[in-house]
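Undergrad: Predicted structure and sequence below. I'll ask about it afterward.
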Amino acid sequence: MRATSMVGTLTCLLLVAACSSPAHQDGNAAPAGSPDPTTSAATTGSPTPPAPSASSTPSARQSSAATRPTSLVLGPNGIGSLKLGMTRQQATGTGLLRAFADTTAGCTPAHLRAAPSEEGIVNLSPTLGIATINAYEGIKTPEGVHIGMSSAEMLRIYPGWKTADGDATNGRGFAKTPGNSKAVYRIATRNGKVIDLTLQYANQDCYE
């Protein structure tokens, strides 16, 4: 009877020990309550900032600014940084001109970079440097004369305009350039409208 009691007691002790023993866990398993490492890394990673657009970089903005006049005013001495009297090297250095044509004699033409293809002609004289600067639509003199305005308004602004041929309605003439006694504005008209505007030396030697 006593042996049977001891066997029963030993069996109960073994069962209690088995029930209280912790379950086996894989060595790679995370403790209960810990976040999934993969999910945590995905949700806490810093977003990659977008790469700046090429057009917004300082070098792109500077390059763009260098190819257009700083002002759309054809003043008494030139337009933007391009001035009458400049050498070829100086004029090219402004960044406002396309390449000069290949010529061996006489005046050498180039075009304002921002002008339509056949407009904005600039002439380089072998004796005077930059001698003529032809405007295109949108450019004005400091007094307000521009291509497309009426001949009557042009004469109101430059009453001293003198015809070289034709008349103010259909013709070509010259107006003094306020602020530069060596230069004139060459202004041509057709059907009562200004069709051509050029700043040039009065003694330019590139054409008529």
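TA: Great, that's in hand. Numbering: from 1, shown residues only.

Undergrad: got a list of contacts for stretch 122-130?
TA: 78, 82-88, 90-91, 97, 100, 106-112, 131-134, 201, 203-207 (Cβ atoms under 8 Å, 6 or more residues apart in numbering). C-beta: built from backbone N, CA, C; applies to glycine.

Undergrad: Check the separation of the first and last residues in it.
TA: Stretch 122-130 has an end-to-end distance of 7 Å (criterion: Cα to Cα, to the nearest Å).

Undergrad: what does stretch 74-93 give?
TA: OK, stretch 74-93 end separation, Cα to Cα: 19 Å.

Undergrad: and it, average pLDDT?
TA: Taken as a whole, stretch 74-93 has a mean pLDDT of 98.

Undergrad: list the buried ones in it?
TA: 74-86, 91-92 (16 or more other Cβ atoms under 10 Å).

Undergrad: repeat for stretch 169-187
TA: Buried, per 16+ other Cβ under 10 Å, within stretch 169-187: 171-177, 180, 183-187.

Undergrad: For it, give the mean pLDDT please.
TA: Model confidence over stretch 169-187 averages 97 on the pLDDT scale.

Undergrad: What distance do you get for Ala175 to Leu74?
TA: Applying Cβ to Cβ, to the nearest Å, the value for Ala175 to Leu74 is 12 Å.

Undergrad: What count of nearby residues applies to Gly95?
TA: 16 (other Cβ atoms under 10 Å).

Undergrad: Now it: which helix or strand?
TA: Following DSSP states H and E, there is no helix or strand that holds Gly95.

Undergrad: can you tell me how far it sits from Ala114?
TA: For Gly95, the distance to Ala114 - Cβ to Cβ - is 11 Å.

Undergrad: related to what we said a few turns ago, list residues touching both of Ala175 and Leu74?
TA: Contacts common to Ala175 and Leu74, judged by Cβ under 8 Å, 6+ apart, are Tyr185.

Undergrad: re the thing from before, closest one of the buried residues of stretch 169-187 to Glu118?
TA: Comparing the buried residues of stretch 169-187 against Glu118 with Cβ to Cβ picks out Arg186 as the nearest, at 17.4 Å.
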